[in-house]
Every structure is written in structure tokens, then in C-alpha cells.
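**Student:** Compute the structure for the input listed below.
(one chain, ligands or ions: 1)
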Amino acid sequence: MVAVTKTLPVERIVEALDLGITDIGENKVQELTDKMAILGDRPRYHMIGHLQSNKVKYIVDNVHLIHSLDRISLANEIDKRGKASNRILDTLIQVNISQEDSKFGMMEDEVIPFIEKVLKMENINIKGLMTIAPFTEDESVLRNTFSGLYDLSERVKAQKYKELSMDILSMGMTNDFEIAIEEGSNMIRVGTGIFGKRNY
Ligand SMILES: *Cc1c(COP(=O)(O)O)cnc(C)c1O
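**Tutor:** So this is what the prediction gives:
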């Protein structure tokens, strides 16, 4: 479980770490780096929000997993910065399964050609897929979204690429994580369910 700590002060995060949380997620680079500066290497840091290429350099040394890889220009930048920092960066491909409102994430049929390009890069690793379900109470829409990501990961696995694991399916948030887990999620990103409503 990734505890989503966006907008929360570090005191709240420390409290959660004391209670056994090990992984935290943020969706803005500035906030992530501010918290890294204070919390050091205590939690593992997940970048779960849209990532601008020109900001990769700020997180390259400390980020544990980037969930929002969604274009080749970003993959190139992560690879380049990884090389400069002598790190191999772990990433998930963000996929827009529902093809609704969400502005980010690549289309399903772009994923395999994308993986084949990224496999040629030395300092970036793809560990799995991530999706954000549409904001709806409609269980069938949620189920279809999550099973769609699961099926896609199985199609990728069937390609039997060497050096590609596809171990992680990051899907499910406060309102839908039970359904996501039933449909094959093994990494959920929960904020409100742990910390209560955010004050923006
Ligand atoms: C905010 C956020 C979450 C957590 O949302 P909650 O509804 O508070 O659990 C999960 N994933 C992403 C990408 C987010 O931006």
C-alpha cells in the first residue's frame, strides 16, 4: 500500500510512518522534494502524479517508483537523468483504460510498442502498469477498468520480453480499492481512507 500524503504536513506523515507505513505517494514534484528534504530516506517515495520532463532531475536520486510514465519524451529524460546519477529508475506505465475524462495515460494499444522502445534504454526499468479509474459509483465501470489493466498486463507478459517483469499493477484508491484488488491489483494508492478528507 502506498499512503498518499499530498497536501499533508510532515508531522502527519511521521505519525503514519511510526504506525508502520513504509511507502508514501505524492503527485507534485515540489511537494515531494520538500518532504524528501525533511524525511530523508525513511519512507520510500512514489511519484503518482503527472510528471513534467524538466522536473525529473529533482527526484531522480530519491524516488522509489514513478507511476506516471506516459510518453517517450519522459522515458528519454528519466533514462538520461538515471545515467547521470548512476541509477536505474523503476517506473510504471500509466494507461488510460477507460478512455474517459482523464487527461493522462497512454492508450492501451500504444503500450507494447512503447515498451519495445523503453527496453532499449539502460537506466529505466518498467515494473508494471498503473491506472486511475473514472470517478464513478458504477461498479461495472470500475471493474471493467481494472480488469482491462489486468488483461493488458497479461498480454504484455505473453510477449515474454527478457528483462521485463510486469510485477506491479498499481490500481485502486480510497473509493475503489476493494474492487481493484478483486480484479488483480497488488498496489493500492490510498489517501483519504487513511488520513481523512484533504484540505486544499
Ligand atoms: C490523490 C491520489 C490518490 C489517492 O486518492 P484517495 O481518494 O484520497 O485515496 C491515488 N492516486 C493518485 C494518482 C492520486 O492523485
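
**Student:** Show me how far the helix ranked longest in the chain is from its chain's centre.
**Tutor:** In the chain, taking DSSP state H as the definition, the longest helix is helix 139-158. Centroid separation between helix 139-158 and its chain, computed with CA atoms, centre = their mean, to the nearest Å, is 16 Å.

**Student:** Relative to Lys103, how far out is Thr131?
**Tutor:** Distance of Thr131 to Lys103, computed by CB to CB, to the nearest Å: 13 Å. For the C-beta atoms, the positions are set from N, CA and C on the backbone; glycine is no exception.

**Student:** neighbours of the nearest residue to Ala75 once chain neighbours are set aside, just the number please.
**Tutor:** Spatial nearest neighbour of Ala75, excluding adjacent residues (CB to CB, 6 or more residues apart in numbering): Val118 at 5.0 Å. By other CB atoms under 10 Å, 19 other residues sit near Val118.

**Student:** pretty sure Val118 is in contact with Ile126, am I right?
**Tutor:** Yes. Counting by CB atoms under 8 Å, Val118 does reach Ile126; the two are 5.8 Å apart.

**Student:** related to what we said a few turns ago, looking at Thr131 and Lys103, which one has more neighbours?
**Tutor:** Shown here are Thr131 and Lys103; by other CB under 10 Å, Thr131 has more neighbours (27 against 7).

**Student:** got a list of what the most centrally placed residue in the chain touches?
**Tutor:** For the chain, the residue nearest the mean C-alpha position is His67 (1.9 Å; CA atoms, centre = their mean). Contacts for His67 (CB atoms under 8 Å, 6 or more residues apart in numbering) come out as 25, 46-48, 91-92, 94, 130, 170, 189.
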